[in-house]
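K.L.:
Fold the following and give me the result.
(2 chains)
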Protein chains: 2
Amino acid sequence: MTTGATIDLASKFAAFSDHWRPRFAAQLNGQDLRLVKVQGLFPWHSHADAEEMFLVWRGVFRVEFRDRIETLHPGQFIVVPRGVEHRTGADEEAEVLIFEPSEVINTGDAEVSEFTAPQGQTI
Amino acid sequence: MTTGATIDLASKFAAFSDHWRPRFAAQLNGQDLRLVKVQGLFPWHSHADAEEMFLVWRGVFRVEFRDRIETLHPGQFIVVPRGVEHRTGADEEAEVLIFEPSEVINTGDAEVSEFTAPQGQTI
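P.N.:
Here you go, the predicted structure:
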C-alpha cells in the first residue's frame, strides 16, 4: 500500500470475497481504513479504548445495540462509542468502510472465534 | 453531534453550500471526519504532523503535488503523506470527505487567508 496514490474503493472491494475479514486499505495517524464484506451476524462485543466508525458503501448494514438497531444504507455512517456493546449484521452481502485505530481487534472483548480476523491483511 | 446515531452524508452535504469550509461531521479517536464542498483552487500547503485523507463523494476532485496531479472520482480516495506539499482543486463543484486529526488547520503551513477555515464548524 502506498500513500499519495489514488485508490479506488470498487476495485479494492472486487479483490476479495470472504465475509467478516477486514482488509487494510490505508493507514494514517495511527488509524486504519479497513474494508469489509459482511453477511450474517457478528458476535456481540465492545472496544474499551476506541470509537469505531462504519460507513456503508454497498448494501444494507445493521449496527445492533442492546436497546436498539440502527439500519444503514449506502452513504450513511455511524460512530460506535467506546465501551458500548454492539454487533453488526446484514441479511444480504454488504460492503462497509471501517475507520478505527490500527491496534483494534475486530471482535473487541469477545472471545477469539472464527470471526476474529488476522490483523493487517492488506488489499 | 451525537455518536451512535446514523448520519446520512447526502443530508449533511445538502445543509451547507459554501466552498472550502469543512464541516465537522464526526469525531473519533482524536480524528475528525469533515465534509467539504470545493470549487476552484486551494493554496499550496503541507501538514508537518498529520496525514490527510480525501475521499470523493460527488464530482471530480484534484490533489496536485509539485510533480504530478491525481484526479479522483466518486469512490476514490488518497492519503497525502505528512509534510508533502499539495493543493486541491475542482473545476466544477465537488463534495469530499476529509479524515484527519482534530487539530489540523485546513491551510496547514500556508499563511492565514480567506481559505483558512474556522475550526469545529459542526453540521
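K.L.:
quick one: secondary structure of A:Gln39?
P.N.:
strand (DSSP: H, G, I helix; E, B strand; the rest coil).
K.L.:
my guess is it contacts A:Val96, does it?
P.N.:
No: applying C-beta atoms under 8 Å as the test, A:Gln39 and A:Val96 come out as separate, 11.0 Å apart. Where C-beta positions appear, they are placed from N, C-alpha and C, glycine not excepted.
K.L.:
Neighbour count for the two, which is higher?
P.N.:
More crowded of A:Gln39 and A:Val96, by other C-beta atoms under 10 Å in any protein chain shown: A:Val96, with 24 against 13.
K.L.:
helices or strands up against the strand or helix carrying that one?
P.N.:
If you go by DSSP states H and E, A:Val96 is part of strand A:86-101. For strand A:86-101, the packing partners by 3 or more C-beta pairs under 8 Å, 6 or more residues apart in numbering or on different chains; DSSP states H and E come out as strand A:31-41, strand A:52-58, strand A:61-65.
K.L.:
who does the residue lying closest to A:Ala110 once chain neighbours are set aside bridge with?
P.N.:
Spatial nearest neighbour of A:Ala110, chain neighbours left out: A:His45 (3.8 Å); criterion: C-beta to C-beta, 6 or more residues apart in numbering or on different chains. Taking DSSP bridges as the rule, A:His45 bridges to A:His86.
K.L.:
what's around A:His45, how many residues?
P.N.:
Residues lying near A:His45 (other C-beta under 10 Å) number 18.
K.L.:
try A:Thr71
P.N.:
Counted with other C-beta under 10 Å, A:Thr71 comes out at 14.
K.L.:
which residues are contacting the worst-scoring helix or strand of chain A on mean pLDDT?
P.N.:
Sorting the helices and strands of chain A by mean pLDDT, DSSP states H and E puts strand A:23-28 at the bottom, at a mean of 94. Contact with strand A:23-28 is made by A:1, A:3, A:7, A:9, A:12, A:15-16, A:32-36, A:97, A:102, A:120-123, B:50-53, B:77, B:79, B:99-100, as judged by C-beta atoms under 8 Å, 6 or more residues apart in numbering or on different chains.
K.L.:
Noted, bye for now.
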